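Enquirer: model the structure of this input:
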Amino acid sequence: MESSFSGNVEGLHKLVKALGDKHWIKLGIFGAKDSRNGKNQENDNAYLAAIHELGKPSKRIPQRSFLRMPMTACAKEIMQEGSRGAESFLAKGDKITVLKRIGIAAEGALDDAFASHGFGTWAPNTPYTVAMKGSDSPLIDTGQLRRAVDSEVMEG
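Expert: Predicted coordinates for the structure are as follows:
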């Protein structure tokens, strides 16, 4: 999926240059947060995330992007929020804190997508699904998938 936004990105270019390419942010579902009550792989959060992110037509599950779409829709806001105070941190040589803050801002955008039904873009649950789970909120049943989203600063 290609994403873009327009505006004055001179500050972003400076930030990227200052951060270098030794570190990056991983955002998604990984580690201990993948497990859903110790059940099999088909119930793991990463497996369910892939189904919802990409859709599964054979099961009549529409695509409801909660990773790519919010990152695209909120890229500018994530960078603005996450890089607040970056100059101060970078002056101290603290690149990791800047990246962690960007990761936390990205997590916030994903949480906002869950709260707003994908900013109003997710297909609604079918009447059958609503009857089965007792809710018309897509991707929110137990809240496990939503709580599994995390970010980490990686090196390499």
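Enquirer: from here on, contacts and neighbour counts on C-alpha atoms
Expert: Noted.
Enquirer: report the buried residues of stretch 90-104.
Expert: Residues Leu90, Lys95, Ile96, Thr97, Val98, Leu99, Lys100, Arg101, Ile102, Gly103, Ile104 are the ones in stretch 90-104 that count as buried (16 or more other CA atoms under 10 Å).
Enquirer: residue contacts, Pro124?
Expert: Asp136, Ser137, Pro138 (CA atoms under 8 Å, 6 or more residues apart in numbering).
Enquirer: now Asp141
Expert: Counted by CA under 8 Å, 6+ apart, Asp141 has contacts Lys133, Ser135.
Enquirer: before we move on, back to that, out of the buried residues of stretch 90-104, which sit inside helices?
Expert: Leu90, Lys95, Ile96, Thr97, Val98, Leu99, Lys100, Arg101, Ile102, Gly103, Ile104 (DSSP state H).
Enquirer: just the closest of these to Thr142, please.
Expert: Closest to Thr142 out of those is Ile104 (22.4 Å), distances taken as CA to CA.
Enquirer: wait, that closest one sits on Ser151?
Expert: Yes - taking contacts as CA atoms under 8 Å, Ile104 lies within contact range of Ser151: 6.9 Å.
Enquirer: name the residues contacting each of those two.
Expert: Contacts common to Ile104 and Ser151, judged by CA under 8 Å, 6+ apart, are absent.
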